[in-house]
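Q: Following is a predicted model, sequence given first.
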Amino acid sequence: MNFDVYAAVLVLLMALVTWLLRFMPFFIFGKSTPPYIVYLGKVLPSAIIGMLVIYCLKDVDMTAAPFGLPECMAVGSVVVLQYWKRNSLISILFGTVLYMALIRLW
């Protein structure tokens, strides 16, 4: 099997598995979703974002210059933009660009 056919089959197989994983809850539960699944759907996104923020900030050294200032400014800008615009894409993109600019210029 040549590489192109192998890559195409691999991509199609991954797409099928992704599709099945996304739609399996609808096939399993139908129209009656159990209350604990609804609860998890409400609380897990915030919990996962919180864990990602903690993971990203765990290695920040607050005892040496610049004392975590670029990280704090980037996180603060994401929080302010999210509160103001209510658009996750804009908030995260701006925070990432600001952080990269600050660590390059600092």
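A: Sure, I can see it.

Q: alpha carbons only for contacts and neighbour counts from here, please
A: Fine.

Q: tell me the contacts of Gly95?
A: 74-75, 77-78 (Cα atoms under 8 Å, 6 or more residues apart in numbering).

Q: Break this protein into its domains for me.
A: Following the assignment in automatic domain parsing, the chain carries domains at 1-32, 34-105.

Q: Serialize those domains to CSV and add fields for mean pLDDT.
A: As requested, the domains of the chain are exported to CSV (pLDDT from 0 to 100):
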stretch, mean pLDDT
domain 1-32, 92
domain 34-105, 94
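
Q: Deepest-packed of those domains, please.
A: domain 34-105 (a mean of 13; mean count of other Cα atoms under 10 Å).

Q: Now render the contacts of Gly95 as TSV, adding distance to Ala7 and secondary structure.
A: Converted to TSV, the contacts of Gly95 look like this (distance: Cα to Cα, whole Å; DSSP: H, G, I helix; E, B strand; the rest coil):
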residue	distance to Ala7	secondary structure
Ala74	39	helix
Val75	39	helix
Ser77	41	helix
Val78	38	helix
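
Q: of all those residues, which two lie farthest apart?
A: Ala74 and Val78 (6.3 Å; Cα to Cα).

Q: what's the spacing between the residue most central in space within the chain and Ile28?
A: Taking Cα atoms, centre = their mean, the centroid of the chain lies closest to Ile49, which sits 6.5 Å from it. Distance, Ile49 to Ile28, using Cα to Cα, to the nearest Å: 27 Å.

Q: now swap in Leu93 and tell me
A: 36 Å.

Q: Please look at Leu98 and Gly76 and confirm they touch.
A: No: applying Cα atoms under 8 Å, one finds Leu98 not in contact with Gly76, separated by 10.6 Å.

Q: For Thr96, which non-adjacent residue is closest in space?
A: Ala74 (7.0 Å; Cα to Cα, 6 or more residues apart in numbering).

Q: need the contact list for that neighbour.
A: Shown in contact with Ala74 (Cα under 8 Å, 6+ apart): 95-96, 98-99.
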